[in-house]
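In: okay, sequence plus prediction incoming.
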Amino acid sequence: THSGPEGYDMPKQAVELGLQFAAQSGSKVRFTRDPHEAVKNAQVIYTDTWTSMGQEAEAREREKVFPPYQVNEQLVSEADKDCIVMHCLPAHRGQEITDAVADGPHSALFPQAHNRLHAQKAILVRLFQAG
């Protein structure tokens, strides 16, 4: 389930591709504006920064719109009791994720970053071998 504020939807092409992959795998893709509905029974909660590089001009507006989507202790408590929380880092603590969640028992942030390091190293090896 994807949840986000109106006006910040995923690109249509990405949604269509996701729906195709879901159909092939027997999965379901859902969209909701309500973050509490989105996390109900969720085993994984994945968040990202509210403002990415290149979007700095939009930061103030995003800071007004995104607070209901903050991954905090209340939101995590509404998910599966064993859920994990992921974030591709770097995190803007206090915005999209609270310290209590980022450093808490549900957090997979740093193992996720560690695993990504190895994937990135493998890509570099492959690129150097191809060259």
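Out: Okay, I see it.

In: any idea how far the strand or helix carrying residue 37 is from the chain center?
Out: Remark: residue 37 resides in helix 35-39, with elements defined by DSSP states H and E. Centroid displacement of helix 35-39 relative to its chain, using Cα atoms, centre = their mean, to the nearest Å, is 13 Å.

In: what's around residue 77, how many residues?
Out: 11 (other Cβ atoms under 10 Å). No exception for glycine: its C-beta is placed from N, CA and C like everyone else's.

In: no, scratch that, I was asking about residue 88
Out: Considering only other Cβ under 10 Å, residue 88 is surrounded by 13 other residues.

In: ok, it touching residue 52?
Out: No - using Cβ atoms under 8 Å, residue 88 is not in contact with residue 52, being 10.1 Å away.

In: and the longest helix belonging to the chain, what's buried?
Out: Ordering each helix of the chain by length in residues (DSSP state H) puts helix 109-130 first. By neighbour count, and taking 16 or more other Cβ atoms under 10 Å as the criterion, the buried residues in helix 109-130 are 109, 112.

In: residue boundaries of the helices in the protein?
Out: Counting by DSSP H, the helices of the chain are 12-25, 35-39, 59-65, 73-77, 99-102, 109-130.

In: could I get those in JSON lines, plus columns for distance to residue 83 and mean pLDDT?
Out: Listed next are these as JSON lines, based on distance: least, Cβ to Cβ, whole Å; pLDDT from 0 to 100:
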{"stretch": "helix 12-25", "distance to residue 83": "20", "mean pLDDT": "97"}
{"stretch": "helix 35-39", "distance to residue 83": "8", "mean pLDDT": "98"}
{"stretch": "helix 59-65", "distance to residue 83": "25", "mean pLDDT": "94"}
{"stretch": "helix 73-77", "distance to residue 83": "7", "mean pLDDT": "98"}
{"stretch": "helix 99-102", "distance to residue 83": "11", "mean pLDDT": "98"}
{"stretch": "helix 109-130", "distance to residue 83": "13", "mean pLDDT": "94"}
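
In: any chance of a markdown table for those, columns distance to residue 6?
Out: Formatted as a markdown table, the helices of the chain follow (distance: least, Cβ to Cβ, whole Å):
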| stretch | distance to residue 6 |
| --- | --- |
| helix 12-25 | 15 |
| helix 35-39 | 13 |
| helix 59-65 | 9 |
| helix 73-77 | 19 |
| helix 99-102 | 25 |
| helix 109-130 | 28 |
